[in-house]
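Engineer: Structure, please.
(2 chains)
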Amino acid sequence: MDKLKIANKEFSSRLLSGTGKFRDKADIKEMLKQSGSQIITIALRRVNLENPQDNILNYIPKSTTLLPNTSGARDADEAIRIAHIAREVGCGNFIKIEVIHDAKYLMPDNEETIKATKILAKDGFVVLPYITPDIITCKKLEDAGASAVMPLGAPIGSNAGLQTKALLEMIIENSNLPVIVDAGIGLPSHAASAMELGADAVLINTAIATADNPPLMAEAFSMAIKAGRVAYLSKLQKSSKYANASSPLTGFLNL
Amino acid sequence: MDIVLNSKPHNMKEKSSLYDLLKNLKLNPDNVVTELNLQIIKKDKRESTILKNSDRVEIITFMGGG
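Structural biologist: This next block holds a predicted model:
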C-alpha cells in the first residue's frame, strides 16, 4: 500500500488510534500491535497524585509518533498553552488542535482552531486540526500552515458513521493537505467507506477502545482501512440505476 | 511553607526546589511537565527553581485521549 505523508514523515499505516476509554491500559499495547497504528493520540491532564507511577507512556512503544490533543481547550489561547505543555514533555512536535465548548455535540470551534493553527504552525508545530467539515475552513487552515485536516464523520464517541459524507467528499476533492476522518466512525465498514471516498487516513478511538476485545477490533479496522485504500487506488466505478450484464446477453445456444 | 499543587494545598520544607517536589512525590521527572505560576519551567531549570510560600505549581502528564 502507498505511504501516508504528514509534514516530512512517512507512515505505512493509515489507521490512527486514540488511547481514551480503555478499560485496561494493558490493552493499549496489544491494540497498537494489532492495529499497526504508527500515530496515536493522547491527552494532557494533571498527574494523578494518588497513583503517580501509572503513566500511559509506559504502554506505548517509543517508535510510535505521539499526537497529543488539546482537549479541554475552549479557545485558541488555551489550545496554544496545552500545545506548549505537550511539546515540553519531549515526545515530538505533532499536535492535534481540538477546541470545544459545546458540551452536547462536542462540535469543534473552527474559527478558534484556525487562530491556534496559525500561531502554532509558525512556532514549528506539526498541526493537525480537528474540525467540523467545511471546505472554506480547510483552505484557511492550509494557508495557516496546517499539516493535515481532521474533519469529523459524526459527533465524538457517537459511532454514527459518516453522517457528513457529502461534506467530506468536497474536502477530499479540494484539499491539498492529507484528510484524516476523525470522530464518529463506529464500524470497520464506516472506515472502509471513508477510505473508498479517498480519505488519506482515519482516526478511531471509541469503537476500538469500548469493544469487548479491543485488540481484535483494532485488527478488523486495520483490514477495513487497507481494503478501502486499495479499492480507492484501483479507481472505483460509478453506480447505476439499471443493470449492466456481467455475462454475455445472448441466449444460451444462440451464438 | 504551603504551596498550591494542582489546585490543592501542599506542605513542603522551606527552600525546596521544584526538583525536590517531584522527587518527594516519586514522579518520573522525564514524563511530566511543570508549571510554576502558569509559566512552564523547563526540565533543566527545576533544580534551580526554589519554591516560595503560596506558589502555584501544576504537574501535568499524558493520559489516554482521542
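
Engineer: Where does the closest residue to chain B within chain A sit: helix, strand or coil?
Structural biologist: Residue nearest to chain B within chain A: A:A43 (2.6 Å; CB to the nearest CB). For the C-beta atoms, the positions are set from N, CA and C on the backbone; glycine is no exception. What DSSP: H, G, I helix; E, B strand; the rest coil gives for A:A43 is strand.

Engineer: what about the residue lying closest to A:K3 once chain neighbours are set aside, helix or strand, and which?
Structural biologist: For A:K3, the nearest residue in space outside its immediate sequence neighbours is A:E10; the separation is 4.5 Å by CB to CB, 6 or more residues apart in numbering or on different chains. Element membership of A:E10 [criterion: DSSP states H and E] is strand A:9-11.

Engineer: Beyond that strand, next helix or strand please.
Structural biologist: strand A:15-18.

Engineer: Return the list of helices and strands in contact with the helix or strand that that following strand is followed by.
Structural biologist: Note on strand A:15-18: by DSSP H and E, the next helix or strand toward the C-terminus is helix A:26-35. Contacts defined by 3 or more CB pairs under 8 Å, 6 or more residues apart in numbering or on different chains; DSSP states H and E place helix A:26-35 against strand A:15-18, helix A:206-209, helix A:214-233.

Engineer: what are the C-alpha coordinates of the longest one, in PDB please?
Structural biologist: Output in PDB follows, covering the C-alpha atoms of helix A:214-233 (Å, rounded to 0.1, in the frame of the first residue of the first chain):
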ATOM      1  CA  PRO A 214     -10.200  -4.100  21.700                       C
ATOM      2  CA  PRO A 215      -7.100  -5.700  20.000                       C
ATOM      3  CA  LEU A 216      -9.300  -7.900  17.800                       C
ATOM      4  CA  MET A 217     -11.400  -4.900  16.800                       C
ATOM      5  CA  ALA A 218      -8.200  -3.000  16.100                       C
ATOM      6  CA  GLU A 219      -7.300  -5.800  13.700                       C
ATOM      7  CA  ALA A 220     -10.700  -5.500  12.000                       C
ATOM      8  CA  PHE A 221     -10.300  -1.800  11.500                       C
ATOM      9  CA  SER A 222      -6.800  -2.200  10.200                       C
ATOM     10  CA  MET A 223      -8.000  -4.700   7.500                       C
ATOM     11  CA  ALA A 224     -11.000  -2.400   6.600                       C
ATOM     12  CA  ILE A 225      -8.800   0.600   6.100                       C
ATOM     13  CA  LYS A 226      -6.400  -1.300   3.900                       C
ATOM     14  CA  ALA A 227      -9.300  -2.700   1.800                       C
ATOM     15  CA  GLY A 228     -10.800   0.800   1.500                       C
ATOM     16  CA  ARG A 229      -7.500   2.400   0.400                       C
ATOM     17  CA  VAL A 230      -6.700  -0.300  -2.100                       C
ATOM     18  CA  ALA A 231     -10.200   0.000  -3.500                       C
ATOM     19  CA  TYR A 232      -9.800   3.800  -3.900                       C
ATOM     20  CA  LEU A 233      -6.400   3.300  -5.600                       C
END
